[in-house]
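*Asks:* Would you be able to build a 3D model of this:
(one chain, ligands or ions: 1)
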Amino acid sequence: MKTEELKTLLEKMSLEEKVHQLMQLPGAYYQGNAEITGNMNGDQYTQEEVWEAGSVLGLYGAQALRQLQDAYMARQPHHIPLLFMLDVIHGLRTIFPIPLAQGASFHPALAERCAQAAGEEAAVSGVHVTFAPMADLVRDARWGRCMEAYGEDPYLNGEMTAAVVKGFQGEKLRDVGRIGACVKHFAAYGAPTAGREYNNVELSEHTLREYYLPAYEKGIAAGACMVMTSFNTLNGIPSTGNRWLMRDVLRREMGFDGVLISDWGAVKELIAHGYCEGSEEAARRAMEAGVDIDMASDVYGKSLLRLIREEKMSEELLDQAVYRVLTLKNKLGLFENPYKDGNGTQENIVILSEEKRKLAKEAAIESFVLLKNQDEILPLKKENKVALIGPYTDWKDMHSAWAIAGQGQDAITVSEAAALEKEFVFCSVPVEPILESYQGLSRKNGSDVQWEEALLENRKQTQEQRSAALTAAAQADTVVLLLGEHRLQSGEAASRVDIRLPERQMELFRAVRKVNQNIVTVVFGGRPLDLREISEESKALLLAWLPGTEGGNAIIEVLTGRSEPTGRLPMSLPQCVGQVPVFYSEYQTGRPAAKGEDPVFYSSRYLDCPNEPLYPFGYGLGYTSFEITVPILNRNYMSREEKILASVEIVNTGKRRGSQVLQLYIRDCVASVVRPVKELKGFQKICLNPGERKQITFEITEEMLRFHDEKGRWTSEEGEFQLWISDSCVTGRAVGFTLRG
Ligand code: BGC
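*Replies:* Predicted coordinates:
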């Protein structure tokens, strides 16, 4: 539809019709056969109202959505198509590693391919826009949604966010296989006080702008068609009613002109926050802030009409929001083809295709982080007998709570993949039921009913299974212990104050350790965990996160050495929960703790724990070794218009082909606003044959040296800088350069 036609359409629409375009209802209200069911948060809509809401969330399936679209449009006075949205977070049916794991890959192009593949499955299932990527910066391992983020670093986070937006959207939204992306949750949802879900966020404007906003901005610059508000208050004002945040920062400064949607029920929550007295005020505040769509609450639906009729809100404000929604529908091509790519026949071909499974395996392998590999126990040796032990040995659900259509049955477990091995001898004992480990965790909702059942079933497990495991461990040359955090222990509403593994798993670990010291521990989970004892007492430690459909195959491929794990930590792995939030790009303080020397009493440190995390950001091992030279600069000073080229030579000094992630860190030594001890400004993942050497160059520009100054300007200041090119945030030798006027 041409812009003029869109405008004419808007003019023809009644007030009621316009309001309806701004309502998004959960799929539970609809069924494919056009029957209406359900209510939400106690809100009841009439049949008529439900049939008029402009968008719906949570439904997929080509045939059902086609039927629904037909029924809907037939009732629409102007035949405006319904918009279908869904949480496609790390895959629709083919499940890719969780976003945090994709962050660990340090490979945005790979994340882009995963998003594209997930988008293709969603598109063919009739979905138009996904609620992803989540650009929230995360530094607190207690927060459950770390799993859905790309980690603690603003630069890595921004690169991944932009790549994922491109992966979903491609060049044009209406192209086949493309869906819209929604950057969320604006803003700073990842910094809830004490890591507790939905809690308030208190951040100085400096911290907000410097570290939290850049990733959203990169997602918007990459063309995201939608942004979602966050649940939290930001410095006392709920985001969903925050005019400054949405109008000044998001729309004016960042130039976002797409659709702004609230998070689930967040417009109504303006009342619970104590920010608005009732629905009418909540509707007005959210509209004034520029929130176009009210997701899953009845506030817009019930109040906007009255506000306009009583002249408490201008119709122009309404028109602007509606026009943005219509424009999105138009960009998706829905006026010409309301089903977009939804196609039942194609669903069978596109979904879970071999190609997608292959990509899921590749992504899993690239996301695994090898933290320790003593005596080169990995890769496993063919002549050795290996026992696979632990609750995750035969575990199918290697995905998060956000794997919308993911099904355990599609996955191959680690022991199933091991059984297909021809060259290695594995013996699997899936001892210790997963759920038994999590007494005290009750989570009941529709999708998790099996939880309780499984818990009961698992109680029947006997001591014999454990004895069998210990016998197998004693007889094996090497034990691979598969332990972890349950998938429902991370994700939305899954904050934790204890980030250790369950005691029952630790008991198993210790019992195995008594009979066999050659332990390789593989850890599953959706956040950085406290792995001190495991790390100390295992010979090798591999973080597998929640690897998705191909997790089992990927793990066996890495253990046997057919592939190498190439992930690097996207979040510092804390020593313990008391260190949290712990992240590398901190400030030095006036009394920095001396490193590796006798502690100075009055210095910035803990009495009972080192300041450093157990494993630092950017760290991870592979199966070969590298040497990286000290960086050489083509010049050691630059003006604002000039550039410096910083190069290192890297050589693969090991015996096999392998990958390394070269990371560029910079420090501004003295500035009018104190700068972090190091900041990531670039990275390159490279792969070299044994003996192969390569020169790797990073370009340093003035823009990379800017920060948010006291007056709120992005600026750089003349003076001395340090630069590292290294394989983690704690390695490498610094070289200096100067920025001159
Ligand atoms: C989450 C969002 C999600 C939305 C729709 C909310 O509870 O915070 O991230 O997209 O639900 O499912």
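*Asks:* contacts and neighbour counts: CA atoms only from here.
*Replies:* Will do.
*Asks:* what distance separates the start and the end of stretch 141-156?
*Replies:* Using CA to CA, to the nearest Å, one end of stretch 141-156 lies 17 Å from the other.
*Asks:* how about it, does it get close to the ligand?
*Replies:* No. Using CA under 6 Å from any ligand atom, stretch 141-156 never reaches the ligand; the gap is at least 9.1 Å.
*Asks:* what about residue 152, distance to the ligand?
*Replies:* 18 Å (CA to the nearest ligand atom, to the nearest Å).
*Asks:* Need the CA coordinates for stretch 198-205. PDB is fine.
*Replies:* C-alpha atoms of stretch 198-205 as PDB (Å, rounded to 0.1, in the frame of the first residue of the first chain):
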ATOM      1  CA  TYR A 198      10.800  -7.000  38.100                       C
ATOM      2  CA  ASN A 199      12.600  -5.000  40.800                       C
ATOM      3  CA  ASN A 200      13.300  -1.300  40.500                       C
ATOM      4  CA  VAL A 201      16.300   0.000  38.700                       C
ATOM      5  CA  GLU A 202      18.300   2.900  40.000                       C
ATOM      6  CA  LEU A 203      21.100   4.000  37.600                       C
ATOM      7  CA  SER A 204      22.700   7.300  37.200                       C
ATOM      8  CA  GLU A 205      22.100   8.900  33.800                       C
END
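*Asks:* Which positions in that stretch come out as buried?
*Replies:* By 16 or more other CA atoms under 10 Å, the buried positions in stretch 198-205 come out as 198, 199, 200, 201, 202, 203.
*Asks:* ok, the second one - contacts?
*Replies:* Which is residue 199. Listed by CA atoms under 8 Å, 6 or more residues apart in numbering, the contact partners of residue 199 are 192, 193, 232, 233.
*Asks:* The third one is in contact with residue 202, isn't it?
*Replies:* No. Residue 232 is beyond contact range of residue 202, at 9.7 Å (criterion: CA atoms under 8 Å).
*Asks:* of the contacts of residue 199, closest to the ligand?
*Replies:* Closest approach to the ligand among the contacts of residue 199 (CA to the nearest ligand atom): residue 232, at 10.3 Å.
*Asks:* Enumerate every residue touching that closest one.
*Replies:* Residue 232 neighbours (CA under 8 Å, 6+ apart): 189, 192, 198, 199, 200, 201, 238, 239.
*Asks:* Please tell me I have it right and the first one contacts residue 136.
*Replies:* Read that as residue 189. Yes. Using CA under 8 Å, residue 189 is in contact with residue 136, at 6.1 Å.
*Asks:* Between the two, which is the more surrounded one?
*Replies:* For the pair residue 189 and residue 136, the greater number of neighbours falls to residue 136 (32 against 27), based on other CA atoms under 10 Å.
*Asks:* Not counting its neighbours along the chain, what's nearest that one?
*Replies:* residue 190 (5.0 Å; CA to CA, 6 or more residues apart in numbering).
*Asks:* what about the one you found, how many neighbours?
*Replies:* 30.
*Asks:* Also residue 314?
*Replies:* 14.
*Asks:* got the phi/psi numbers for it?
*Replies:* Here the main-chain torsion angles of residue 314 (degrees, to the nearest 10) amount to phi -80, psi 150.
*Asks:* ditto for residue 688
*Replies:* Main-chain torsions, residue 688, degrees, to the nearest 10: phi -130, psi 150.
*Asks:* Could you do residue 25 as well?
*Replies:* Dihedral angles (degrees, to the nearest 10) for residue 25: phi -110, psi 150.
*Asks:* which residues touch it?
*Replies:* Contacts of residue 25 (CA under 8 Å, 6+ apart): 50, 53, 55, 56, 57, 295, 296, 297.
*Asks:* Confirm for me that the fifth one is in contact with residue 65.
*Replies:* By that I understand residue 57. No. Between residue 57 and residue 65 there is no contact under CA under 8 Å: 11.4 Å.
*Asks:* So for the residue of the stretch 1-150 of the chain found nearest the ligand, what's the pLDDT?
*Replies:* For the stretch 1-150 of the chain and the ligand, the shortest gap (CA to the nearest ligand atom) falls at residue 131, measuring 4.8 Å. Looking at residue 131, its pLDDT is 98.
*Asks:* Residues of the stretch 201-350 of the chain that sit close to the ligand?
*Replies:* So the stretch 201-350 of the chain meets the ligand at 263, 264 (CA under 6 Å from any ligand atom).
*Asks:* The stretch 201-350 of the chain: strands as residue ranges?
*Replies:* 226-229, 233-234, 237-238, 259-261, 294-295 (DSSP state E, counting those that start in this stretch).
*Asks:* could I get these as CSV with distance to residue 633?
*Replies:* As requested, these are exported to CSV (distance: least, CA to CA, whole Å):
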stretch, distance to residue 633
strand 226-229, 40
strand 233-234, 42
strand 237-238, 47
strand 259-261, 45
strand 294-295, 52
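*Asks:* Thank you kindly, that will do.
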